[in-house]
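Asker: take a look and give me a structure for this.
(4 chains)
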Number of protein chains: 2
Amino acid sequence: MKSSNVVKVSFKEQMLQAREEAIIRTVNLLLAEKGFEAMTVDEVAASVGIAKASLYKHFPSKEDLAAAAMVSVMRRAQAFIATLPAEVAAVDKLRAVVRWTMEVKLAGEMPSLPSQNSKLRAALIGNRDYMDGLMEVSDALGSWIEAAQAQGAINSSIPAIAILYTVYARACDPVLEFLKMGGQHDDAQIIDLVMSTCFEGLNARPG
Amino acid sequence: MKSSNVVKVSFKEQMLQAREEAIIRTVNLLLAEKGFEAMTVDEVAASVGIAKASLYKHFPSKEDLAAAAMVSVMRRAQAFIATLPAEVAAVDKLRAVVRWTMEVKLAGEMPSLPSQNSKLRAALIGNRDYMDGLMEVSDALGSWIEAAQAQGAINSSIPAIAILYTVYARACDPVLEFLKMGGQHDDAQIIDLVMSTCFEGLNARPG
DNA sequence: GTCTATAATCAGATAGAC
DNA sequence: GTCTATCTGATTATAGAC
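Answerer: All right, here's what the predicted structure looks like:
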């Protein structure tokens, strides 16, 4: 009896977790496609295939849905960062992360949140998982930035924090969508272009 | 009698136009501060000091309000472009426009619109004044970009359209707000930093 | 936990008097 | 054209049965 119960509970929990993951995937896609304000909870419920009330049993508010999606991408970022070999040069790790970020965005999997909404900000700041992930990612990027500056690979006259913000900003760079809408370039070309403007700048190379 | 009427009508029209300009100024500030979705028509009316119904006599929809604000900044851009002397190098004109754009944004006068909202897109595309202004500005910038590339000042391996988008993107660059929130730099320093990352890139200068 | 049905609210837009 | 008052629809969130 006991082992049967244990199995049953575990299975139930697995189902619940799978459903939550399905919800988060849907939220992620909708946030990437239309943004936080335009995404409605009805839409999420319909897309997942469950009732809206059931959704609210899993996540107590729309803001918490968005926060869960952010936690999800933050985990993906941490996982990607963990795959980078230690012997790679700091600047190349930075470049890899910027490239990965833009790939996720072009794949339609980068949630876009308004930076002004205060309720949403509160939900994010109050979410330990999100804040922990953000800190960990920022620590990794920050150490690479400082190393790359010390090695003379990244411009040392720019504060590390400004470099960090510039890296993060690639997650919501409208140039990617504009070039994609233009239809003249495929994703790989777009990424190469923006990588170039980001690291080499708009100026012609001297010499 | 006739001349008196003429004066009266002219005065009335002046008042109307002044009120419309006040509306647009308010919309401009609110759009810059909170974005299109978060800005409410009630807010606009209250801030201008008129009834909401009166607002709708001037502008038939919220989208038209936003479009009017965009027309306003577009005119300001055209005016600024017109002040640049012909003898200035193309790349320096580009730099001047990028700098001006970021100054307007840091001053809280750059309306921020969601690029996804289709109703809003329709209103903008259907607005002849906006489209004309956008075309004129894009033509000016485009010719400077091509000239600067021909002169070896701007990287020729990047398509001109990508350069143009990168310039426009400074109008909604979150790096500016983030650095401003940090409080470690004043507006002039922030602009210099982003000017540097935009044109010189993140890489250290060779040599 | 999941559902149907409903509450509660808010925001865009309008009616009609003046 | 401007106002007060109202309509209409959409959206977040919840009650209560199963």
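Asker: tell me which helix or strand the residue positioned nearest the centre of chain A sits in.
Answerer: By Cα atoms, centre = their mean, chain A has its centre lying nearest to A:Val73, at 4.0 Å. Per DSSP states H and E: A:Val73 is located in helix A:62-83.
Asker: and that helix, average pLDDT?
Answerer: Mean pLDDT, computed over helix A:62-83, is 98.
Asker: which residues sit against whatever helix or strand comes next after it?
Answerer: Once helix A:62-83 ends, the next helix or strand along the chain (criterion: DSSP H and E) is helix A:90-106. For helix A:90-106, the surrounding residues in contact (Cβ atoms under 8 Å, 6 or more residues apart in numbering or on different chains) are A:32, A:73, A:76-77, A:80-81, A:84, A:88, A:110, A:141, A:143-145, A:147-148, A:151, A:153-154, A:167, A:170-173, A:176, A:180, A:187, A:190-191, A:194-195, A:198-199, B:203. C-beta coordinates here come from the backbone N, C-alpha and C atoms, glycine included.
Asker: let's see it at 6 Å
Answerer: Helix A:90-106 has contacts (Cβ atoms under 6 Å, 6 or more residues apart in numbering or on different chains) with A:80, A:84, A:110, A:144, A:147-148, A:153-154, A:167, A:170-171, A:176, A:187, A:191.
Asker: the longest helix in chain A is where?
Answerer: helix A:2-38 (DSSP state H).
Asker: now that one against helix A:62-83, angle please.
Answerer: Between the axes of helix A:2-38 and helix A:62-83, defined by axes from the mean of the first three to the mean of the last three Cα atoms, to 10 degrees, the angle is 110 degrees.
Asker: what is the subsequent helix or strand relative to helix A:2-38?
Answerer: That would be, after helix A:2-38 and using DSSP H and E, helix A:41-48.
Asker: pull out the buried positions in that next one.
Answerer: A:44-45, A:47-48 (16 or more other Cβ atoms under 10 Å in any protein chain shown).
Asker: dump the residues you listed to JSON lines, plus pLDDT and distance to A:Leu106.
Answerer: Shown next, in JSON lines, are the buried residues of helix A:41-48 (pLDDT from 0 to 100; distance: Cβ to Cβ, whole Å):
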{"residue": "A:Val44", "pLDDT": "98", "distance to A:Leu106": "23"}
{"residue": "A:Ala45", "pLDDT": "98", "distance to A:Leu106": "28"}
{"residue": "A:Ser47", "pLDDT": "97", "distance to A:Leu106": "21"}
{"residue": "A:Val48", "pLDDT": "97", "distance to A:Leu106": "24"}
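Asker: now, the most widely separated pair of those residues?
Answerer: A:Ala45 and A:Ser47 (7.3 Å; Cβ to Cβ).
Asker: isn't A:Ile23 right next to A:Val48, touching?
Answerer: Yes. Taking contacts as Cβ atoms under 6 Å, A:Ile23 lies within contact range of A:Val48: 5.3 Å.
Asker: which elements pack onto the host helix or strand of A:Ala53?
Answerer: Assigned by DSSP H and E, A:Ala53 belongs to helix A:52-58. Counting contacts by 3 or more Cβ pairs under 6 Å, 6 or more residues apart in numbering or on different chains; DSSP states H and E, helix A:52-58 packs against helix A:41-48.
Asker: near DNA strand D, anything from the helix it packs on?
Answerer: Yes. Using Cβ under 7 Å from any atom of the strand, helix A:41-48 reaches DNA strand D at A:41-42.
Asker: do stretch A:119-128 as well
Answerer: No. For stretch A:119-128, no contact with DNA strand D is found by Cβ under 7 Å from any atom of the strand; the gap never falls below 7.8 Å.
Asker: returning to that earlier point: now the helix holding A:Ala53: buried residues?
Answerer: Of the residues in helix A:52-58, A:55, A:58 count as buried by neighbour count, 16+ other Cβ under 10 Å.
Asker: cool, and stretch A:174-184?
Answerer: By 16+ other Cβ under 10 Å, the buried positions in stretch A:174-184 come out as A:175-179.
Asker: out of these, which one sits closest to B:Glu37?
Answerer: A:Glu177 (17.9 Å).
Asker: can you classify the closest residue to A:Ala38 other than its chain neighbours as helix, strand or coil?
Answerer: Spatial nearest neighbour of A:Ala38, chain neighbours left out: B:Gln116 (6.3 Å); criterion: Cβ to Cβ, 6 or more residues apart in numbering or on different chains. Per DSSP: H, G, I helix; E, B strand; the rest coil, the secondary structure class of B:Gln116 is coil.
Asker: B:Gln116: how many residues sit nearby?
Answerer: 14 (other Cβ atoms under 10 Å in any protein chain shown).
Asker: and the gap between the residue of chain A found nearest chain B and B:Glu200?
Answerer: Relative to chain B, the nearest point of chain A is A:Gly201 (3.0 Å; Cβ to the nearest Cβ). A:Gly201 sits 5 Å away from B:Glu200 when distances are taken as Cβ to Cβ, to the nearest Å.
Asker: if you count what's nearby, which of those two comes out ahead?
Answerer: A:Gly201 (22 against 17).
Asker: list the contacts of that one.
Answerer: Applying Cβ under 6 Å, 6+ apart to A:Gly201 gives the contacts B:199-201.
Asker: could you redo the last one with a cut-off of 10 Å?
Answerer: Contacts for A:Gly201 (Cβ atoms under 10 Å, 6 or more residues apart in numbering or on different chains) come out as A:155, B:154-155, B:166, B:196-203, B:205.
Asker: just say helix, strand or coil for it.
Answerer: coil.
Asker: give the closest residue to it in space, chain neighbours not counted.
Answerer: In space, A:Gly201 is closest to B:Gly201, 3.0 Å off (Cβ to Cβ, 6+ apart).
Asker: before we move on, back to that, now render the contacts of A:Gly201 as CSV, adding distance to DNA strand C and pLDDT.
Answerer: Below are the contacts of A:Gly201 laid out as CSV (distance: Cβ to the nearest atom of the strand, whole Å; pLDDT from 0 to 100):
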residue, distance to DNA strand C, pLDDT
A:Asn155, 43, 98
B:Ile154, 41, 98
B:Asn155, 42, 98
B:Thr166, 31, 98
B:Ser196, 38, 98
B:Thr197, 35, 98
B:Cys198, 33, 98
B:Phe199, 38, 98
B:Glu200, 41, 98
B:Gly201, 40, 98
B:Leu202, 39, 97
B:Asn203, 44, 97
B:Arg205, 48, 89
